[in-house]
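In: Structure here, sequence nowhere to be found:
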Ligand code: AMP
């Protein structure tokens, strides 16, 4: 099983289902602990989501509970993706909590690029 149990983690969230291959995704890159895939509702010409495979509901859970190997691999993915996608200018966003705009309760980082973002994202 790809998702390990964590306190209060909702195992029925859409990204957990995606990691269990219950629903499809358009994968960009995948490693042992990390998956990067295209956002289903892109807000820029290139909009990729990066998620840990472990069961972490938000950024705080990931950065306080994940193993060093998981955190290292996540950072490596953020480092590799822009070049893989041909981007030298991009925006990284991560929302934690409903008030911040987090819809899916599985930690994720949005990588957006492909054109000037200043006018399309507040
Ligand atoms: P957030 O509002 O920060 O939680 O972002 C959740 C993101 O997940 C949104 O940009 C959605 O478009 C995206 N999303 C939801 N379901 C899927 C899916 N099945 N495949 C790819 N992206 C998805």
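Out: Received, thanks. Just so we're clear, the structure is a prediction, and the values are computed from it rather than from any experiment. Numbers count the residues shown, from 1 in each chain.
In: Quick one: neighbours of residue 40, just the number.
Out: Applying other CB atoms under 10 Å, we find 12 residues neighbouring residue 40. To be clear about C-beta, it is placed using only N, CA and C from the backbone, and glycine gets the same treatment.
In: do the same with residue 81
Out: Number of residues near residue 81 (other CB under 10 Å) recorded here: 22.
In: Show me which positions of the helix or strand containing it end up buried.
Out: Taking DSSP states H and E as the criterion, residue 81 maps to helix 68-85. Using 16 or more other CB atoms under 10 Å as the burial criterion, the residues of helix 68-85 that qualify are 70, 73-74, 77, 81-82, 85.
In: could I get the residues you listed as JSON lines with pLDDT?
Out: Putting the buried residues of helix 68-85 into JSON lines (pLDDT from 0 to 100) gives the following:
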{"residue": "70", "pLDDT": "98"}
{"residue": "73", "pLDDT": "98"}
{"residue": "74", "pLDDT": "98"}
{"residue": "77", "pLDDT": "98"}
{"residue": "81", "pLDDT": "98"}
{"residue": "82", "pLDDT": "97"}
{"residue": "85", "pLDDT": "98"}
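In: Tabulate these (CSV), appending distance to residue 114.
Out: Shown next, in CSV, are the buried residues of helix 68-85 (distance: CB to CB, whole Å):
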residue, distance to residue 114
70, 28
73, 25
74, 22
77, 19
81, 13
82, 11
85, 8
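In: if we take the residues you listed, which one ends up nearest to residue 35?
Out: Lowest distance from residue 35 to the buried residues of helix 68-85 (CB to CB) belongs to residue 77, with 8.7 Å.
In: Tell me how far the helix holding residue 81 lies from the chain's centre.
Out: Distance of helix 68-85 from the chain centroid (CA atoms, centre = their mean, to the nearest Å) equals 11 Å.
In: What's the first helix or strand after that helix?
Out: Remark: after helix 68-85, the chain's next helix or strand is strand 90-93, criterion DSSP H and E.
In: Show me how far the helix or strand following that following strand is from its chain's centre.
Out: Using DSSP H and E, the helix or strand that follows strand 90-93 in sequence is strand 109-113. Offset of strand 109-113 from its chain centre (CA atoms, centre = their mean): 9 Å.
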